[in-house]
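Undergrad: structure for the following, please:
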Amino acid sequence: MRIDIWSDVSCPWCYITKRTFDLALSASGRDDTHVVLHPYQIDGEQPAEPVPMLEWLAGKYGSERATRMNDEVTAAGPRHGIAFRNATGFAVNTLDAHRLLWWTERARGRSVQSRLEELLFAAYFTQSADLSDHDVLLTCAEGAGLDRDRAARLLASDEAVAEVRAEVRRAREQGITVVPRFVFAGSHVVEGPQEDPEVFLKALTTGSAAAPNPGVHQ
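TA: Numbers count the residues shown, from 1 in each chain. Here you go, the predicted structure:
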């Protein structure tokens with residue numbers, strides 16, 4: 001079964017939903033899945049320079065809504081082993097993080113890419129790291145088992161820039177506006193935040209999926 005996932009490392013609900021999906025995938029016992037991660041940038045390549053995360057959200061949604069969104073995801077985090085620290089975090093351009101993820105899958109496969117994705121989420125949301133900083137990205141790459149020097153050459157070049165931008169553009173052209181988004185076997189869609197592994201387990205074991213949720217942008 002092919003499973004296409006659209007996700008952004010700047011999306012806290014993508015982090016939570018990845019944990020939910022990984023639990024379901026393990027519980028399903030399936031060894032015939034082919035997971036394809038697609039880059040998505042909720043804010044495009046903005047902000048150009050790091051901005052305090054809650055300040056950025058307040059600028060987009062207003063202070064009241066931004067506070068409510070942060071409170072909701074912070075409360076949900078411990079249920080999935082995540083301690084969000086958004087109040088000290090930074091909103092950044094995620095292009096280079098997506099480039100690294102894109103290259104990792106092609107160089108080392110999905111399992112290593114998944115480990116890197118976890119480390120990038122953790123750096124962004126629990127360590128208050130600047131995910132546009134190449135040293136931060138290279139530390140994550142090393143932690144995932146990648147060669148630091150090779151990853152550094154990638155980040156210092158324009159390798160994978162056109163490919164990632166093309167995938168993000170294609171997703172928007174296809175009408176994708178909500179992440180996380182999962183498509184099972186090309187047809188069954190699970191969209192938006194998911195905290196219950198049964199939603200994914202149903203899709204994995206029966207080929208059907210729950211109706212799409214309204215989703216959360218952040």
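
Undergrad: and the helix or strand harbouring residue 135, what other elements does it pack with?
TA: Assigned by DSSP states H and E, residue 135 belongs to helix 134-143. Helices and strands touching helix 134-143, by 3 or more CB pairs under 8 Å, 6 or more residues apart in numbering; DSSP states H and E, are helix 95-108, helix 110-125, helix 148-156. Where C-beta positions appear, they are placed from N, C-alpha and C, glycine not excepted.

Undergrad: dump those helices to CSV, plus mean pLDDT and mean neighbour count.
TA: Formatted as CSV, those follow (pLDDT from 0 to 100; neighbours: other CB atoms under 10 Å):
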stretch, mean pLDDT, mean neighbour count
helix 95-108, 98, 21
helix 110-125, 98, 21
helix 148-156, 98, 15
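
Undergrad: residues touching the nearest residue to residue 2 once chain neighbours are set aside, list them.
TA: Nearest non-adjacent residue to residue 2, counting by CB to CB, 6 or more residues apart in numbering: residue 34, 4.8 Å away. Taking CB atoms under 8 Å, 6 or more residues apart in numbering, we find residue 34 in contact with 1, 2, 3, 110.

Undergrad: residue 16: which of the residues you listed is nearest?
TA: When the contacts of residue 34 are compared for distance to residue 16 (CB to CB), residue 3 wins out at 17.6 Å.

Undergrad: what's across from that closest one in the sheet?
TA: residue 35, residue 184 (DSSP bridges).

Undergrad: isn't it right next to residue 183, touching?
TA: Yes: counting by CB atoms under 8 Å, residue 3 touches residue 183, with 7.2 Å between them.

Undergrad: joint contacts of those two?
TA: With CB under 8 Å, 6+ apart, residue 3 and residue 183 have no common neighbours.

Undergrad: in the chain, what secondary structure element scores lowest on mean pLDDT?
TA: helix 197-206 (a mean of 93; mean pLDDT, DSSP states H and E).

Undergrad: and that helix, what does it pack onto?
TA: Counting by 3+ CB pairs under 8 Å, 6+ apart, helix 197-206 packs on helix 12-28, strand 181-184, strand 188-191.

Undergrad: neighbouring contacts of the first one?
TA: Around helix 12-28, the neighbours that count as contacts under CB under 8 Å, 6+ apart are 5, 7-8, 33, 73, 76-77, 80-82, 84, 86, 114, 117-118, 121, 125, 179-180, 182, 192-201, 204-205, 216, 218.

Undergrad: selecting buried members of those in PyMOL, what would you type?
TA: Selection of buried members from the contacts of helix 12-28 for PyMOL, criterion 16 or more other CB atoms under 10 Å:
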select buried, resi 5+7+8+73+76+77+82+84+86+114+117+118+121+125+179+180+182+192+193+194+197+199+200+201+204+216+218
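
Undergrad: measure stretch 27-46 end to end?
TA: End-to-end span of stretch 27-46 (CA to CA, to the nearest Å): 37 Å.
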